[in-house]
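1. Take this sequence and fold it.
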Amino acid sequence: MSEYKIDKIATVVGGKISGTNLKISFRYLLTDSRSLISPSETIFFAITGKRHDGHKYIDELYKKGLRAFVVSSVTETEKYKNAAFILVENTVVALQKLAQFHRNKFKIPVIGITGSNGKTIVKEWLSQLLSPEMNIAKSPRSYNSQIGVPLSVWQLEDNSEIGIFEAGISLTNEMENLADIIKPEIGIFTNIGQAHQENFESLNQKISEKLKLFNSCKTIIYCSDYDDINEAIINKYSDKNLLTWSKENSATLKIKSINKSINSTKIKANNFEIEIPFIDDASIENAITCWLTMLHLNYSNETIKERIKNLTPIEMRMELKAGINDCLIINDSYNSDIGSLIIALDYLKQQHQFSQKTVILSDILESSKNEAALYKEVASIINKSNIFRFIGIGEGISKYSDLFKVKKHFFINTSDFINHIAEYQLKNEAILLKGARIFQFERISSILQYKVHETVLEVNLNAVVHNLNYYKSLLKPETKVMAMVKAFSYGSGILEISNLLAHQRIDYLAVAYIDEGIELRKAGITIPIMIMNPEESGFGQMFEFNLEPEIYSLKILNSFIKAQKYYLSGSYPIHLKIDTGMKRLGFLSSEVDDLINILSENNSIIIKSVFTHLVATEDNAQDVFTRFQVDTFLNTTKKIEKHLKYGIIKHVLNSAGVERFSEYQFDMVRLGIGLYGVSSVSKDKLMNVCSLKTIISQIKTLEANDTVGYNRKGKLKKTGTVATIPIGYADGLHRILSNGTGKVMINNKLAPIIGNICMDMTMINISGIEAKEGDEVIIFNENFPIEYIARYAATIPYEILTSISRRVKRVYFQE
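-> Residues are numbered from 1 along each chain as shown. Model prediction:
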């Protein structure tokens, strides 16, 4: 980050400086007092709004060490020693002036992106596509507002080679400020929709306002199939370099065909074809926009093709919460328009673990269409969405109930629906809540959401995605990923985690037993699944559900061959495991010749992959043995490959191996515990996924020498306080943690376990800790890591996670 002196900045923003230290330097901008990180290097803008006043937090920030402030009202500066204040008329305007001054220092290409939807995805995808060559400064998340854009442009640094920034508006006369800050050389217009339409006289006025971002542009990139956008750009910017893509008309990039398969889409244009790992229409549009942008930046077709096929999904804004009666609640109140409804329905469709899906939709308020046309379109979309039940809430949508051809119910308002909610017996289904904020759908969410009363395992799905992407960042683009979801996905929930990983486009799942694979198939998971310990008695079902077995011995191979001949007439894939040192399962080197002979006689067996299990990739003391294992594996696979007429996938690395031995990534890697945020190598690079929590059921004050629990093992040396929590060894809290061996966290303080852990309950000594019945108790989370409890129990995090009973409710979160 660039460093600035506060006295110079006072001149830049047109403010009056005062205080006792006028030579303060700063590097970071702060507008939210809760986000303070580096007080001595930060300047705070005290922004005022209808319901907030940043000036209230000056005293708090000063006590935390911050010394530089931009304010719009007089402050008693004399009581803040060694601090400086810049007084301005409007702190937001001052923030924008500072960002504009900072932007003007850089003579690099800058891309400005506007439109109703897709801005963040296009920005993030361009960053993925361009980052191998360029240092990119870009908007964090969806920072595209009057405050977000200045904070985004502040990301420009001396080594930045290109900037990519979003700009969003909700009112007229907002874009001029953002355009002056961003000053893009290349402009991208994604699309136009109904969001914020109520603040504009017409759709054309909103387009015209958004186009102001491009005043400084030399080049504008957009889809000319949006007639209103195309006409407005041609009328306003005919003197600029207009690059278009179109499925219908002649264009710079003329789309000739779009062919969707199960997991990917092939797009042909200008006699060249790309493939993207997405099938939804929004992703296809965004990817084509990125394609055209890369062409403008002089990337070759081959480079574009290679990179674009490896695009990764951008995290969703929707919240996923466990609901009552085994439901999943998808709460999306980010936008209330047709475009965002389509996106939300697409996400609902991806929840393959639920065969029944319900949509609860309010009146759509962000639309300029007349009511009849609006709900005719809504009904058409819903009728085509393959949902089980539709519930409409609002006077507007209720008038058009006859247009909806699915199982349907309508209510005038949210309270009316809540009064009847029990009649619908919602269970085992995915429920999308899509409501304008005025309808207060949070009341519905509160009723449908699983109530966290006692012991729960919270699973952060965003953290799983983060961890997956971290490991992917260590891999070559072509390296495949197999995710281990055995043992109930390390205790996290096999269906939820598998569905998430499948949506992230991993290549394989691996489970221990056939019944686990069947459960995934019945839940709609279609990606390849390897069975690590296939039982011979289950081969018939294995074939039926298209599950791929790990073959680890001559005995199991011969049994497989017999079953294959009995059940099938064609070929079938298997995975060969080589034992290079684990001495658990796998073919020994001495058995390879016999293995090859059997395979040579049975051409209907397709070897999909060959792999081994490295025993100690996390332990640098065992690196010599690890390399010995890999050498043994390579020698063995060479012998096998000599007798095959096709290529095979080779894989040896687990999570720790990916971090420490990337040279051995070969064709695929297997990710397990690392996905869940556990690593002995790079813990700081991962996010915590699982948090085990409970509550205090009862508190008792005991006298000295009172005993606690079975066999009177727990004893107090002096008068103290003991709390009972509803978790025991039947829930996965190891009994070895009894009698002070283990600790839990209450209100950020550690409380030792007292007495023996019971089947369903545990007592803890909370003497000296302020606590009350109902307070939250942390068994482990990001602040009290699972490694601690594993250390107390003299075991490993794997065992702690996989020991958590299924009777402990899982609660899932995804932004």
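
2. Am I right that Val481 falls within a strand?
-> Yes. Assessed by DSSP: H, G, I helix; E, B strand; the rest coil, Val481 belongs to a strand.

3. Name the nearest residue to it, sequence neighbours excluded.
-> Spatially, and ignoring its direct neighbours in sequence, Val481 is nearest to Ile506 (4.6 Å; CB to CB, 6 or more residues apart in numbering). C-beta coordinates here come from the backbone N, C-alpha and C atoms, glycine included.

4. residues contacting that neighbour?
-> Contact analysis of Ile506 by CB atoms under 8 Å, 6 or more residues apart in numbering lists Leu468, Val481, Met482, Ala483, Ile527.

5. for Lys266, same thing?
-> Contacts for Lys266 (CB under 8 Å, 6+ apart) come out as Ser257, Ile258, Asn259, Glu273, Ile274, Glu275.

6. Arg389 too?
-> Residues near Arg389 by CB under 8 Å, 6+ apart: Gln356, Lys357, Thr358, Val359, Val406, Lys407, Lys408, His409, Tyr424, Glu429.

7. residues touching the second one, list them.
-> Looking back up the chat, that one is Lys357. Counting by CB under 8 Å, 6+ apart, Lys357 touches Leu348, Lys349, Gln351, Asn386, Ile387, Phe388, Arg389, Glu429, Ala430, Ile431, Leu432.

8. what does Ile6 give?
-> By CB under 8 Å, 6+ apart, Ile6 lies in contact with Ile17, Leu22, Lys23, Ile24, Ser25, Phe26, Ile43, Ala68, Ala84, Ile86.

9. downstream neighbour of the least confident helix or strand in the chain by mean pLDDT in the secondary structure list?
-> The weakest-scoring helix or strand in the chain, judged by mean pLDDT, DSSP states H and E, is helix 486-490 (a mean of 68). From helix 486-490 onward toward the C-terminus, using DSSP states H and E, the following helix or strand is helix 494-503.

10. in its sheet, what does the helix or strand just after that next one sit against?
-> Once the chain leaves helix 494-503, the next helix or strand it forms, by DSSP H and E, is strand 508-511. Next to strand 508-511 in the sheet, as set by DSSP bridges, lie strand 480-484 (parallel), strand 529-531 (parallel).

11. Can you add mean neighbour count and mean pLDDT and give these back as CSV?
-> Below are the strands paired with strand 508-511 laid out as CSV (neighbours: other CB atoms under 10 Å; pLDDT from 0 to 100):
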stretch, mean neighbour count, mean pLDDT
strand 480-484, 22, 95
strand 529-531, 24, 97
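
12. thinking Val122 is in contact with Cys290, fair?
-> Yes. If you go by CB atoms under 8 Å, Val122 and Cys290 touch, sitting 6.2 Å apart.

13. the more surrounded of these two?
-> Per other CB atoms under 10 Å, whichever of Val122 and Cys290 has more neighbours is Cys290, with 28 against 25.

14. So that one belongs to a strand, correct?
-> No. With three-state DSSP as the criterion, Cys290 is helix rather than part of a strand.

15. Show me what Phe780 bridges to in the sheet.
-> Beta-bridge partners, per DSSP bridges, of Phe780: Leu692.

16. how much space between it and Met745?
-> With distances taken as CB to CB, to the nearest Å, Phe780 is found 8 Å from Met745.

17. again with Leu614
-> 35 Å.

18. can you tell me which residues contact Ile729?
-> Just so we're on the same page, residue 729 is Tyr rather than Ile. Contacts of Tyr729 by CB under 8 Å, 6+ apart are Arg735, Ile757, Cys758, Met759.

19. Now do the same contact list for the third one.
-> The neighbourhood of Cys758, defined by CB under 8 Å, 6+ apart, consists of Gly709, Tyr710, Gly728, Tyr729.

20. Tabulate those residues in JSON lines, adding columns for pLDDT and distance to Ala523.
-> Output for the contacts of Cys758, formatted as JSON lines (pLDDT from 0 to 100; distance: CB to CB, whole Å):
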{"residue": "Gly709", "pLDDT": "89", "distance to Ala523": "41"}
{"residue": "Tyr710", "pLDDT": "90", "distance to Ala523": "41"}
{"residue": "Gly728", "pLDDT": "95", "distance to Ala523": "30"}
{"residue": "Tyr729", "pLDDT": "94", "distance to Ala523": "30"}
